[in-house]
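Chemist: Quick one: sequence and predicted model below, then my questions.
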Amino acid sequence: MTRDPDPSLRLLWRHAAPGQEPQRRRGPKQRLSVDEVVDAAIGLADAEGLDAVTMRGLAGRLGLAPMTLYTYVPSRQDLIVLMVDQALGRTHLPELPDDARLRLELVARVQHDDCRAHPWLLDVTGVRAWLGPHAADRYEWQLAAVDGLGLGDIEMDQTVALLVGFAGSIVHAEHRVRRAEQESGVSDREWWDANAPALGELMAGRSYPLAGRVGLTVGEAYQAAGSPERELEFGLARIIDGVLAHASRASADQSPPAPER
């Protein structure tokens, strides 16, 4: 069965592909650009989360009638696709260094910083936002960081996914802690200070020598239950160690055998 092209494609590529702008629906002349509408949606999501981005809510924020917003974007899902690509396009992709380790680190750190700036990116599901020009530019840049390590094409893609996924998981954990603090009005440190004595009583009579020792060391070092910053540094270093070791083995396996003497 042949399906029609996704209507969001022309909107996504409206700047990158001249002459491909979608036909504007009939009605009064639009006083805003699609970019301005998407920027407003990004601002709303940054401030209040992705759930706050509704067509009615955004229209009110822009001073538009709700149905007028549909003359800019066909649906909320199309709007989210545009938001993702436009948010990615705000980030300047730095020149990749020669050092392989630094290149891989940069892939993860750029993703980490973007997700921290726009936590709602981690909540986006069910859209094919990679089809946009900024996301495509990002993927090409990420692959360039992995190119030359001796990995196959599938492994290059998986390496990018591993780095990006790990960076996103760290931000997700940070965001979860911040959200809990905002909803409860109690910081992670305050919660542990208030509950540690009771927890000690409840755990009395049970022996946790390793958990007790490590937990005490971690608590003193982090002054909290965890440290996303340290988790990022440690985890990223170990991932890159593994990728480079694997790439080295793969290159050795592909090397021609030494000639017999």
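Modeler: Received the coordinates, thanks.
Chemist: Show me where this protein has its helices.
Modeler: Ranges of helices within the chain are 8-12, 34-48, 55-62, 66-69, 76-89, 100-117, 133-146, 153-184, 188-202, 209-222, 228-254, based on DSSP state H.
Chemist: what angle separates the worst-scoring helix or strand of the chain on mean pLDDT from helix 153-184?
Modeler: Within the chain, no helix or strand scores below helix 188-202, which has a mean of 79 by mean pLDDT, DSSP states H and E. Helix 188-202 and helix 153-184 meet at an angle of 80 degrees, taking axes from the mean of the first three to the mean of the last three CA atoms, to 10 degrees as the criterion.
Chemist: Helix 188-202 vs helix 209-222, what angle?
Modeler: 160 degrees.
Chemist: now for helix 188-202, which elements pack on it?
Modeler: helix 153-184 (3 or more CB pairs under 8 Å, 6 or more residues apart in numbering; DSSP states H and E). Just so you know, the C-beta spots here come from the backbone N, C-alpha and C atoms, and that holds for glycine as well.
Chemist: What is the neighbour count of the closest residue to Tyr72 other than its chain neighbours?
Modeler: Nearest non-adjacent residue to Tyr72, counting by CB to CB, 6 or more residues apart in numbering: Val37, 4.7 Å away. Here the number of neighbours of Val37 (other CB atoms under 10 Å) works out to 23.
Chemist: I'd say Val37 and Leu69 touch.
Modeler: Yes. Val37 is within contact range of Leu69, at 7.1 Å (criterion: CB atoms under 8 Å).
Chemist: Which of the residues in stretch 57-73 are classified as buried?
Modeler: 57-59, 62, 64, 68-73 (16 or more other CB atoms under 10 Å).
Chemist: what do you get for stretch 107-117?
Modeler: By neighbour count on 16+ other CB under 10 Å, the buried set for stretch 107-117 is 107-112, 114-115.
Chemist: do the same with stretch 167-182
Modeler: Buried-residue list, stretch 167-182, by 16+ other CB under 10 Å: 167-171, 174-175, 177.
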